Every structure is written in C-alpha cells, then in structure tokens.
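Novice: sequence-free structure coming up:
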C-alpha cells in the first residue's frame, strides 16, 4: 500500500458543531421548551455549551465508552447532548419516552446508563421507573434552576448548573471515528428492543449523504423542522445536517399536533420538515379547516410508511411543497433510499416514483433475495427479503448474543420484504413477519390493508396470515369502522375483488371495535395471529 | 473506546462507479473523442470496463502502490483510468499535457510512472519526451485498434485490446481507504511542480461535500460538463460526483472553445458546468454574437480566480444561470469553499457574496494569520496568510524532503493571502509571493490589476513589487494594450487614484507589448520582478 498524503482528520461529531460555530455562528436552534417558552441558541453558543457539558461530564467521572441516557423531547439541550456526550467519547442512549415504563427501564438497564438526563415533562416517567434502574447513579434535569420541578428523585443535578461548572474552552479529545457516539433501541414489535450503536463516522457519512442533491439537498438557505423525535434515529440526523450546512434547526418540543406545527412553520419560516405520513395528512386537514398557508415550506421528508398518492398530489398542487419519500430504520442510522422521479418521469409516473421507497443514496446498497438467500431479478414483481449494506448500517446489536446480523455478503436483513424494479427502485410490500405465505406464494398484508382502508366507513384495516391446512396460510381481514359508520364486509370484499388477484382475497373479513397496539401505537399483529390462529383449521376456510 | 457496531465499508473509488452501475446503470458518459466522434458509455459499461482494466493491469504486473501516468484530455477512457488504476490499489498520475515537454517528462520521472496512457492527440508529446523517461516500461494508446495512429513509440498497447483481455467480473481488492488513488502535480509558478497524492477517502469525502446543498447540490437530475480538465484536480471531482448521484457526465475532449461548449451544452441538455471565469466570459460573448440560448443550463461552477461582477449579473439576468464561485487548489483535492449569498442578502450584497471565495464547506476549515502565525480577526480588512485544514487537504508532497507542509495546528499554507469577514467569507487578495509589502502594509497586486484592466484599451495588466530603499517595496504596473488601441498611463493612474488609497498607487506605469508566461499561460511574475528589480533604486521612485 502507498498511503495518500492527505491530512488525517477523523470524522467526529464535535467537528460538526464546531464547523457551525465557526462558519454559521449566528444561525442556530429555535426550541419550544417544557415551560411553553421559545429559546434561541446560536450554533456558536451551542458549541460552547457542548464543550462545557463534555468537560462537566468528565469531572463527574464519565469516561470514554460509558453510556449516558436521555429521556426527553426535541429541544436544544438534547442537541447539546449528542455533541457533549458523544464528543467526550461516551455514548448517548436516546431512550424512547413513548414506550411502556417497564420497557424504558429495560433499555436503560440494558444500555447500562450511568446518568439519566430527564426533560421536566418526562420527570414522571423517571420517577416511576427509578426503583427498577440498576446502573443510574445520577439524574440531570434538562432545565435551569428556575425551571427545576419538585422531585423525589435522588441526586438530582440541574443541567444549567452542570454547564456553568464546565469549561467553555474544553479541547475535544482525539477519538477513533469508529467509536460509538449514540445508542438507539428498536421499537421491538417482535421481541425485546435491540440496541443499535451508531459511530461518529456513520452519523457523519449518513448526514453528508442526506445533504446531497439526491438526498434532501440541504443547504444554508434551509430551516429544518424535524417532527420525527430526536430520540428516534437521531431525529433523522437533523442535529447533524442542520449545523453541517448552516441551516436553521427548529425543534418543536412535545407539541407536534397540526396546529402547533403550522404555527411554528409559519413563525420560523421553515423550508424543510420531516415526519411520518400521518403528520402531513393531519397538517393538510388542518390547513383545509383553517384556510392556512405554508409559504416558506418547500419540501417535506416523509418516512415510516409509504405516503398516499393524494398526499403527494395535494401538497404539490395546493401548497407547492415537494414530498420526498425516504426509507430507513433504526438499524440504518437514518435514511438510505430516496424516492424521486427521473427527468423523464412526469404525472402519474412521477408520483409513483415518490410513493416508492426509491433508490439507494451513495454509500448504501440493497438487494432482494428469496428464502434461500439467492438474489431475485429487478423486475418490480419478484418479492423477497430486503437486505441493506453500507457504512451507516448496523453489523450487529449491542450486548446481543444472537450472532451476526449480516449475511456472508455483508447485507443486514431488514425484516422487510419487497421488490426492486428495472430502474432500481425499492418498494416495500410487507414486513417479513407479516407477509402471508399461501401455497408457496406471498400475499402482501400492507397492500390489502391499504385497499380496505380506502372503503368508505373503514377507519382502519389489519390483515394477518392464519394457519390453513391446505394453503399453509390464508389472509384474515379485520376492519375497524369509523365513528358512527357501519361497514359491510361484502362491500369490502367486492372492492378488493376488483383490485387484486382472486387468490389474494381474504378468507374471512371481521368487523372489530379496536386493534391491539404497542406502546408506540403500532398494531400488534403477534396478538392478532395468536387470537385467530385456529380460525381456518381443518373445518374452515377456503379450499 | 467502545466501538460502534456499524458495518465496516471503506470509502473506495470503485464503490462509486459500482454504485452508479447498480442504481443508475443506464445513465452515463457522453464523450467527444479524438477522432471527432461522440461516444456514449453507460455507467454499467464504464464499471465493467474499469474492472477489465484493473484486471488487465494486474496481469501486466502493475501492483498496489505502483504509479501509472495518463497524458490525455477529458474523455470517457480517462474516467475509467481513475477507477481501474485506483481500484487496483495503484496510483493514477494525471499528467498535464499543457506543460512544457521537459516539465511533463520531469513529473512522469518524479512520479516513477511504470506505464503511460496516451491520448491519440497527445502522441506527439509522448514521442517527444520518450527518450527522457526513466521508468516508463510500456505505452497504452487510449483508442481502439482502428484509431491506432502510426508511432515509433516502443511497446505500444492498444487500450481496447488491453480491456478485451481483462476480466469483466474482476473482484475489487479490499484496500485501506487512506491508500493513494491519484497524483497531481502543482503547476509550479515558483519552482518545480510538486506532487499531491490523493487518497480514496479524500476523493470520496470531497465529492460528497460537493454534492451537498451548500456545494453544487448535485443530484440525479443533473448533467455535468466539466470544462476544467480531468488531469487538473481530478476534473473538480466530476468523475466521482456524477456517478455518485446518477448525474450524466459530458466530457468535451480537447475542444473547449465557446462555440464547441455551447453546442455540447445544448445537444446534451447540460445543467451544470465548471470552469475558470474566462470560459464563461467567452461563452457570453459567443452567445451575444450568435443570439444563442442555454435553456438547459441552471448553474455554472466558477473557480481559478474570482468571477467579475458583470459575469455573475449577466448570466443570471440574460440566461437564468446561477454562478457558484468555488475555491480550491491542487493541494485541496478540489473545492473547499463556496461563495453563496445568505437568505438576507440580495442585490449587490448577493453578488458580492458570489464574488467572494465564500465559506468553508463541512469538512474543511481555513484561517488567516499574520507573518508570525497568529490568527487575525474576521473583520474583512485584516489581510494575512490563508491556511486550510481538512481530510481532503494535503499534509505534504510526494517524494519531497522539504518537511511538513502543515503548521502545528494542522493548517496547510495555501500561498494565498486574503481576509475573512464577519460572516466567515474568505476573499483572496493576492498570492503571498505577489503581494507588495510597502512600509509594513500590504498592497494587493490582484486588486490593482483588476482595476487597471477595467480601463478602455487595456488588454492586460500586471503589478509587481519592486525593491525600494525607503518603503521596502513599491508597486510597478505593466500594461499591455488591446490590439490597435493606445493606452495612456496617466489616464490609468487617474482611474486608480479615484478608487484606491493614495499609498497603493503604482510608482510607475509602463506600457509593454507582452508579458512572460508559464506553459499553462500564467504570468511569470518572477521574471518581471527580476527584469525590473533595480527600477526603484535609491535614485528613483516615490518617497
């Protein structure tokens, strides 16, 4: 090997906030606080505060490799935690306050967090789980002294007091860029949450890719509002992409209802916002009701599930907003693929491109394989397991003995199934655990649910595979009627029959009052499968 | 250290062309060939050809770390060299065919090139220097057998024959991302050219930064035409940024006159092009003469020297083209800073932002220091030495004994002097070696030259510092009249007097027929300083 003669400058998170401080020092963070107020912190201030935090943590005895938890909403102090904790060489565990209390305690214990940073409006959770926590030595409340609520937590530190004792001129340590910087647990619909340990390198490479013209194309003229919370996939990397480019960062705190978001977008002239489809559906409905406008907004990033066609069309037509569909998961740091039309695609083809999960951005690659691990053709029809590879994709889980998470070619099994078309676009058709295997063929539960949900009077639809003596599994469709509406299963069946192959039609359609859910609101299909597992036994079902 | 659990995927150049082949396989390169024809090569084909090349080079005995030279113009085979040579672990030395023959031979010998790839229209150069070359074992002509010209070079290989013998399924070796991939020599206005050894990592990080919204914002909808040649700073990274994003790459070959460029931009629907200011001035003049339009072109990258105000304004007003000023040098891989207005800057302030060298893009940092190395304030007035730091900035030169090129803080001395303003924008006022030090203050030769060149009848202006018994140095202005024009030195002096401080006024103004130049067309100020060194001796000059 002949080594290049380039400067050895590792990719470390503190270089991001220091870059912002040096070149975009007057730009910064607008943050809706727990007390209802709005705080503005420039990147120059945020960098200084991150330095103070790191030095103060070092004085508290936090060492490189230690884990430190955070239980809070998207606010400016949370951004400082990413830099201050990670920059010290420690690891920020971004705990999810929306989990059940027992699950939060389990992740904090599994992570081995030595400190727990707690937002004032997460204090109740911390107090509730305190007795279960095995490693937490101190609690730091993310507020100033005036905002300190009464609490019976022991050894409480006020965040602003901690910072006041820190060193504004702290020199960031030289770390290996492959060091862990943050830790996020999967939401665990199939079992206990698993920890994904992000490195500095992965976070920076992913953020650089997102800023590219094939990602969200982020530049200094942008103001970014992540609706997706900072505790999930590092807020889609917004704490890194915004300072990296000098874009403003607007953090909504806990209030992410449509009215609050519209007000914030208008007040802060937000140009780019990220969130799940329901956020944008709610926003459109709110604008319809109020006649409001979003003049500053130019594009929204949409992820979590595929955006409906009407959402894409209405955002573009009525508000001049481009919807960019991005796909990623906890295991992939944040986005890996972006659904964008090619220059020769217009009208319906362009919208179809935006609905798809899209193509890999540089750095990542994915593929679709059959049950035996053989790559399937890119024909848009061959459905298989989606694997993904790249420097910001996890190779395994934290303190997990279940063996390597990647296959021999280095691809992580995403647990999603889908297709790749001739243009290289991925379309996810199901979660692997939810796909229905009938007579050797696969039926997409998501496709049936989307169709059924389109029938008037249907509030929600869920499809699960139920064991069947002849076909292995057959689909069962559950419908929740909208408030005050009546749903006719036969009408839904006719609706489906006009739109899918005959062998895809559910063997049974049931109307139910509600569906079992996880703490984060996802339908618990494991519970549905258990409840209905004998439904199509030898006596029943289609043959 | 707690290592993150991310996949270990090094940043290697072949991953770029393989990404393009996998996700943008139908997009590709349009290339104007030596025979006058146009060739289209998709990224899928280019990746296969690069694999064939690497395997064929390995069979020829080229090993990791070996240097291989190229003497050619911007065409598709040159792109394949970057990937095929670098991907093998060898180093592509991008020789400059515009240097004097002896200088080309010196760089090939200094690099220790074992092979030399030669474009058919560079054959004469290769034949002329052949007897001076000490390490070159074989010559590969960048053509197919039909295009092979008669030559008396020994051991000539036809490029397409070499590829035909290569392995299309060659597996790229696992390399360290800090391995050298290419080698470019500075143009050497002050001494012998020095070699900058780019790593895979540096090239990829720089390219990712350029694709960002604060760089050129490159995406799959773009078609890029680099007017800047591929042998200089890797064609401003266009062989990497285009495949990385699925943008098309249009290579003009040798013909980069305005008429050829306009035709190519129109025919290939180019959206983004890069080059020095004179390229765009010539293009505007051509469009004025012909009444032509550039409908597809959305933005041009401009570097090498600051763009004139009128160029920026006319491109925007008459053609809807955004000029983005980028700054970089051989030592910085390619661009490090981009001159863009902030959201609150409009009109003259926006144009001034575009004229400036701009702000550092994430990854890079620069500073301005005095002669003692102390950082100067960011006041837009304090002129000092510009240093630059980052993972794609050189730390030293290839086979060079002159010691480290960076200071204790890791900054490379660029040899430029300039200022940084309160918004963090850099403005280069001079080359350090050309700045005039008068009575302890600095006078910018570039500022005086730009003003003098604005006087009617002046074709060109050069200012050099001449030793002075009282003031240390004083400026001498040399004027070359335009063809058929007469130039009045007193009129020029009055023009300057109305625009600069009195102590900046040249002590003497001479009208000359021409100026001494380097092979690449730069004014040789060393020769001017030698010629006029006694001009302001004790008897003469201002006091």
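Specialist: Structure received. It should be emphasised that the depicted structure is a prediction, and the values quoted were computed from it without experimental measurement.

Novice: domains for chain A, by residue range?
Specialist: With automatic domain parsing as the criterion, the domains of chain A are listed as A:9-29+A:36-208, A:434-531.

Novice: what pLDDT, on average, does the longest one get?
Specialist: In this model, domain A:9-29+A:36-208 has a mean pLDDT of 96.

Novice: do stretch A:457-471 as well
Specialist: In the prediction, stretch A:457-471 has an average pLDDT of 90.

Novice: Just say which of the domains of chain A is most tucked in.
Specialist: domain A:9-29+A:36-208 (a mean of 21; mean count of other Cβ atoms under 10 Å in any protein chain shown). All C-beta spots, glycine's among them, are computed from the backbone N, C-alpha and C.

Novice: what's the first-to-last distance across that domain?
Specialist: Distance between the two ends of domain A:9-29+A:36-208: 16 Å, counting by Cα to Cα, to the nearest Å.

Novice: for stretch A:479-491, same thing?
Specialist: Counting by Cα to Cα, you get 12 Å between the two ends of stretch A:479-491.

Novice: Figure out how far that stretch is from the centre of its chain.
Specialist: 31 Å (Cα atoms, centre = their mean, to the nearest Å).

Novice: Ok, stretch A:491-498 next?
Specialist: What separates the centre of stretch A:491-498 from the centre of its chain is 34 Å, taken as Cα atoms, centre = their mean.

Novice: Please name whichever of the domains of chain A is nearest to residue B:518.
Specialist: domain A:9-29+A:36-208 (32.1 Å; Cβ to Cβ).

Novice: What helix or strand is residue A:388 located in?
Specialist: Element membership for residue A:388 (DSSP states H and E) is strand A:384-389.

Novice: Which residues does that strand contact?
Specialist: Strand A:384-389 is contacted from outside by A:332, A:336, A:364-371, A:376, A:406-407, A:409-414, A:416-419, A:426, A:428, A:432, B:7, B:9, using Cβ atoms under 8 Å, 6 or more residues apart in numbering or on different chains.

Novice: Contacts only, for the residue of the stretch 1-150 of chain A found nearest chain B.
Specialist: Distance from chain B to each residue of the stretch 1-150 of chain A (Cβ to the nearest Cβ) is smallest for residue A:4, at 2.7 Å. Contact partners of residue A:4, counting by Cβ under 8 Å, 6+ apart, are B:178, B:179, B:180, B:181, B:197, B:198, B:199, B:200, B:201, B:202.

Novice: Am I right that the second one is in contact with residue B:10?
Specialist: No: Residue B:179 lies out of contact with residue B:10 (Cβ atoms under 8 Å); the separation is 9.2 Å.

Novice: Show me whatever sits in contact with both of the two.
Specialist: With contacts taken as Cβ under 8 Å, 6+ apart, residue B:179 and residue B:10 have residue B:200 as neighbours in common.

Novice: Which residues does residue A:322 form beta bridges with?
Specialist: For residue A:322, the beta-bridge partners are residue A:299 (DSSP bridges).

Novice: That one contacts residue A:298, doesn't it?
Specialist: Yes: Residue A:322 is in contact with residue A:298 according to Cβ under 8 Å; the separation is 6.7 Å.

Novice: quick revisit: need the residues that contact the next helix or strand after the strand holding residue A:388.
Specialist: Downstream of strand A:384-389, the first helix or strand assigned by DSSP H and E is strand A:412-420. For strand A:412-420, contacts defined as Cβ under 8 Å, 6+ apart pick out A:329, A:331-332, A:357, A:366-368, A:376, A:378-389, A:393-395, A:405-407, A:426-433, A:435, A:442, B:7.

Novice: For the residues you listed, which PyMOL command selects only the ones that are buried?
Specialist: Buried residues within the contacts of strand A:412-420, by 16 or more other Cβ atoms under 10 Å in any protein chain shown, are selected in PyMOL with:
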select buried, (chain A and resi 329+331+332+357+366+367+368+376+378+382+383+384+385+386+387+388+389+393+394+395+405+406+426+427+428+429+430+431+432+435+442) or (chain B and resi 7)
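
Novice: Next SSE downstream of the helix or strand where residue A:451 lies?
Specialist: Per DSSP H and E, residue A:451 falls inside helix A:445-453. Using DSSP H and E, the helix or strand that follows helix A:445-453 in sequence is strand A:458-468.

Novice: Chain B contacts on the stretch 1-150 of chain A?
Specialist: Counting by Cβ under 8 Å from any Cβ of the partner chain, the stretch 1-150 of chain A comes close to chain B at A:1-11, A:16, A:19, A:22-25, A:64-65, A:89, A:91.

Novice: if I pick the residue of the stretch 401-543 of chain A found nearest chain B, what's in contact with it?
Specialist: Taking Cβ to the nearest Cβ, chain B has its nearest neighbour within the stretch 401-543 of chain A at residue A:424, 4.5 Å off. Residues near residue A:424 by Cβ under 8 Å, 6+ apart: A:359, A:360, A:378, B:22, B:23, B:24, B:25.

Novice: and the last one, which of the three is it?
Specialist: I take that to be residue B:25. At residue B:25 the chain is in coil, as set by DSSP: H, G, I helix; E, B strand; the rest coil.

Novice: In this structure it contacts residue B:43, no?
Specialist: Yes: shown here, residue B:25 and residue B:43 form a contact pair, counting by Cβ under 8 Å, at 5.8 Å.

Novice: didn't residue A:136 look like it was pressed against residue A:117?
Specialist: No: the pair residue A:136 and residue A:117 does not pass the contact test of Cβ under 8 Å, sitting 10.5 Å apart.

Novice: shared neighbours, those two?
Specialist: residue A:69.

Novice: Quick check: phi and psi at residue A:3.
Specialist: phi -70, psi 140 (degrees, to the nearest 10).

Novice: show me what contacts the closest residue to it other than its chain neighbours?
Specialist: Leaving aside its sequence neighbours, residue A:3 sits nearest to residue B:178 (Cβ to Cβ, 6 or more residues apart in numbering or on different chains; 5.5 Å). Going by Cβ under 8 Å, 6+ apart, residue B:178 touches A:3, A:4, A:6, A:8, B:199, B:200, B:201.

Novice: for residue A:455, same thing?
Specialist: Counting by Cβ under 8 Å, 6+ apart, residue A:455 has contacts A:487, A:491, A:492, A:495.

Novice: And for residue A:249?
Specialist: Here residue A:249 is in contact with A:28, A:29, A:30, A:79, A:223, A:224, A:226, A:238, A:239, A:242, A:243 (Cβ under 8 Å, 6+ apart).

Novice: if we go to 10 Å?
Specialist: A:20, A:27-31, A:41, A:43, A:46, A:74, A:76, A:79, A:222-226, A:235, A:238-243, A:268, A:270 (Cβ atoms under 10 Å, 6 or more residues apart in numbering or on different chains).

Novice: Narrow those to those in helices?
Specialist: A:20, A:43, A:46, A:76, A:79, A:235, A:238-243, A:268 (DSSP state H).

Novice: Now do the phi/psi pair for the residue nearest to residue A:3.
Specialist: phi -90, psi 0.

Novice: For the helix or strand hosting residue A:351, which helices and strands make contact with it?
Specialist: Element membership for residue A:351 (DSSP H and E) is helix A:347-355. In this structure, helix A:347-355 packs against helix A:309-319, strand A:322-328, strand A:335-339, with contacts taken as 3 or more Cβ pairs under 10 Å, 6 or more residues apart in numbering or on different chains; DSSP states H and E.

Novice: so which of the ones you listed is the most packed in?
Specialist: strand A:335-339 comes out most buried of these by mean count of other Cβ under 10 Å, with a mean of 28.
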